[in-house]
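In: coords please:
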Amino acid sequence: MRLYSLSVLYKGDLKVHLLKAAYDVSTFNFFQRSSVQEFMTFTSQLIAERSPLGSRASVKEQEYLCHVYVRNDGLAGVVIADNEYPQRVCFTLLDKVLDEFSRQVSKMDWLSGSPATISYSALDGYLSKYQVRTPGS
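Out: Presented below is the predicted three-dimensional model:
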């Protein structure tokens, strides 16, 4: 069971844009990592874009399960995990991250923010903390 990506996005009037993201692509071949990360960013944006405000959903994309939560205020979170990772845990993580993010980052920054300008450093820690370690890994 593995988490690959955790993203916070903002679903504005025109389009969805990425505010902050963390990735764990360590299980992929070194030469595939950047393209896998791009795929995860693109997929996260696409799923958030297609999800209505106030919704939660799990979408299968290739061998991954993408869990999305779009709040009524437009703040969205996406977790990309393998098929075995528990859905309930993913949505608990998304609730926690979006609540914390909305307390720490001004709503004004959601409109024009980007991963380079938003100062919220907890995603890598959450991605690591929620990783399920199997014996021998």
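
In: Where does Thr92 fall, secondary structure wise?
Out: helix 87-104 (DSSP states H and E).

In: got the buried residues for that helix?
Out: Neighbour-count burial for helix 87-104 flags 89-91, 93-94, 97-98, 101 (criterion: 16 or more other CB atoms under 10 Å). C-betas here are computed from N, CA, C, even on glycine.

In: where do the helices sit along the protein?
Out: Applying DSSP state H to the chain gives helices spanning 33-50, 87-104, 107-112, 123-129.

In: Dump the ones you listed to CSV, plus distance to Leu19.
Out: As requested, the helices of the chain are exported to CSV (distance: least, CB to CB, whole Å):
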stretch, distance to Leu19
helix 33-50, 11
helix 87-104, 8
helix 107-112, 7
helix 123-129, 10
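
In: Which one, of these, ends up nearest to Gly12?
Out: Gly12 lies closest to helix 107-112 among the helices of the chain, at 6.4 Å (CB to CB).

In: ok now the closest one, how far from the chain's centre?
Out: 18 Å (CA atoms, centre = their mean, to the nearest Å).

In: wait, what's in contact with Ser44?
Out: 5, 7, 9, 18, 21, 66, 68, 78, 80 (CB atoms under 8 Å, 6 or more residues apart in numbering).

In: same thing with Trp110?
Out: Contacts for Trp110 (CB under 8 Å, 6+ apart) come out as 10, 12, 19, 74-75.

In: What is the neighbour count of Asp24?
Out: Number of residues near Asp24 (other CB atoms under 10 Å) recorded here: 18.
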